[in-house]
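*Asks:* mind looking at a prediction? Sequence and model below.
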Amino acid sequence: MGATPRIQFYLGANSPQGFYSIYEQLLAPGPVEDYFLLKGGPGCGKSTLMRRVGKAMEEHGLGVEYIQCSGDPDSLDAVHIPALHAAVVDATAPHVIEPTCPGAVERYVNLGECYDTPALKAIREELTGCMEGYPECYRRAYRCLAAAAQIEADRRALLLTSEVEARMVKRARGILSRECKRTGKEPGQAKYRFLDAISCKGVQCNFETAEGLCRRIYELCDSWGLAHPLLAYLAAGARAAGYDVILCPDPMDPERLRHVLIPALSLGFVSSTPTLPYPGKRPYRRLRIDAMADQEQLRRNKGRLRFSRKMSAALVDEAVEAMAQAKAMHDALEALYNPHVDFDRVHAQADAIAAELLERA
């Protein structure tokens, strides 16, 4: 038997509007018992602490949800332990989190105390010089994403007609009648997670997370970004039938859905594109969203659509390159900080948090 897939999502997105946050969704809906808010600057061990806490939870048989950094998926922004209603989160910008019930629920963890301040004072000029140009890299990335989003919106305006939406709703009704029997319970709840990211490593999707939560995957083959009406109808129908859903927006347009997961039914609806294909084994079902579009419209506008796809892809590539430049600057900064961080102290803090949480396990 293979290893259990790691559950990984994002709670922020590099979007055409800038950094788009849904961090308020981390522990919602439901009760909150312990919320550790990490504070500290670059290289102080926030991701190290969270990985260590997550590993300790897993070693004791607890499920862990890992929240990746949308700018650098190799870094963590949070670990969530659902069974304990607890989380440890990087509460620094751009996803600042402030306590609502300090002491009783949220507690600050100051990793800045792990810095060797005298040693850092000696390299102050190097530290301040490292990040010169960093904000402009992200501003450029967001301008490129905004331009790409305008092109994609123009494409949808051409292809997503009322007739196409009606076809999707009809298909969604059939799926719900087959897959989503009513429970007789109260309507299900929805929580939001990004499954995709536009990052310094390119455009990525955590397909493994969908497979880890849902054995039955409907792959939606969607070259033109049209699937939102179908996904929205499926999500609403599943909730009305009494099932909780995970709604996964599109980073390029966070008001539109890209995936929907229904873990209680082990059922997922996952969008794939030619540039980001579904990599898993043969899906449970495959829906060709492209085939629901007006085929005459596609033929008539073949050149326009080809040009728009090429231009939007080039703009996204440029945004990724800008974020990669920002990442290189941040790496250089962390390389200066790391030798002057007491990681034994970071590890001790992680072990103390883990021990406290496991007392309730």
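*Replies:* Right, received. Where do you want to start?
*Asks:* I'd like to know how many residues surround the closest residue to Y134 other than its chain neighbours.
*Replies:* What sits nearest to Y134 in space, not counting adjacent residues and going by CB to CB, 6 or more residues apart in numbering, is M329, at 5.0 Å. From N, CA and C alone the C-beta is placed, and that goes for glycine too. As a burial measure, the neighbour count of M329 was computed by other CB atoms under 10 Å and equals 16.
*Asks:* now P251: phi and psi?
*Replies:* phi -60, psi -30 (degrees, to the nearest 10).
*Asks:* bridging residues for the nearest residue to it once chain neighbours are set aside?
*Replies:* Counting by CB to CB, 6+ apart, P251 lies nearest to A13, which is 3.9 Å off, once chain neighbours are set aside. When assigned by DSSP bridges, A13 has beta-bridge partners Y20.
*Asks:* surely the residue nearest to Y134 is in contact with G133?
*Replies:* Yes - the pair M329 and G133 qualifies as a contact (CB atoms under 8 Å) at a distance of 7.0 Å.
*Asks:* quick one: the helices in this structure?
*Replies:* Along the chain, the segments classed as helices by DSSP state H run 46-59, 117-121, 124-130, 134-159, 162-179, 207-213, 228-240, 289-292, 295-300, 302-337, 343-358.
*Asks:* relative to G71, which of those helices is closest?
*Replies:* Proximity of these to G71 was assessed by CB to CB; the nearest stretch is helix 302-337, lying at 6.2 Å.
*Asks:* in the closest one, which residues are buried?
*Replies:* Within helix 302-337, the residues scored as buried using 16 or more other CB atoms under 10 Å are 305, 308-309, 312, 315-316, 318-327, 329-330, 333-334, 336-337.
*Asks:* go on, stretch 281-291?
*Replies:* Along stretch 281-291, these residues count as buried under the neighbour rule (16+ other CB under 10 Å): 283, 287, 289-290.
*Asks:* quick check: the residue nearest to P251 touching S70?
*Replies:* Yes - counting by CB under 8 Å, S70 is a contact partner of A13 at 5.5 Å.
*Asks:* give me the neighbour count for the nearest residue to E186 once chain neighbours are set aside.
*Replies:* Counting by CB to CB, 6+ apart, E186 lies nearest to G242, which is 6.6 Å off, once chain neighbours are set aside. Burial of G242 is recorded as 16 neighbouring residues (other CB under 10 Å).
*Asks:* again with the one 10 residues further on
*Replies:* Other residues within reach of M252, judged by other CB under 10 Å, total 23.
*Asks:* ok, it to P274 distance?
*Replies:* Spatial separation of M252 from P274 under the definition CB to CB, to the nearest Å is 15 Å.
*Asks:* so who does R288 touch?
*Replies:* Contacts of R288 were listed using CB atoms under 8 Å, 6 or more residues apart in numbering, and they are C221.
*Asks:* the residue lying closest to P254 once chain neighbours are set aside: how many residues sit nearby?
*Replies:* The shortest distance from P254 to any residue other than its chain neighbours is 5.1 Å, reached at Y20 (CB to CB, 6+ apart). Burial of Y20 is recorded as 19 neighbouring residues (other CB under 10 Å).
*Asks:* and A122, how many neighbours?
*Replies:* Neighbouring residues of A122 were enumerated by other CB under 10 Å; the total is 11.
*Asks:* got phi/psi on it?
*Replies:* Backbone torsions of A122, given as degrees, to the nearest 10, read phi -70, psi -20.
*Asks:* measure it to D34 for me?
*Replies:* In this structure, A122 and D34 are separated by 38 Å, where distance is defined by CB to CB.
*Asks:* how about D290?
*Replies:* When distances are taken as CB to CB, D290 and D34 turn out to be 46 Å apart.
*Asks:* show residues contacting stretch 197-204.
*Replies:* Stretch 197-204 is contacted by residues 10, 13-15, 68-74, 145, 196, 251-252, 275-276, 316, 319-320, 323-324, 326-327 when judged by CB under 8 Å, 6+ apart.
*Asks:* ok, H95 touching Y23?
*Replies:* Yes - counting by CB under 8 Å, a contact exists between H95 and Y23, whose distance comes to 4.8 Å.
*Asks:* between these two, which contacts overlap?
*Replies:* Listed contacts common to H95 and Y23 are 11-12, 89; contacts here mean CB under 8 Å, 6+ apart.
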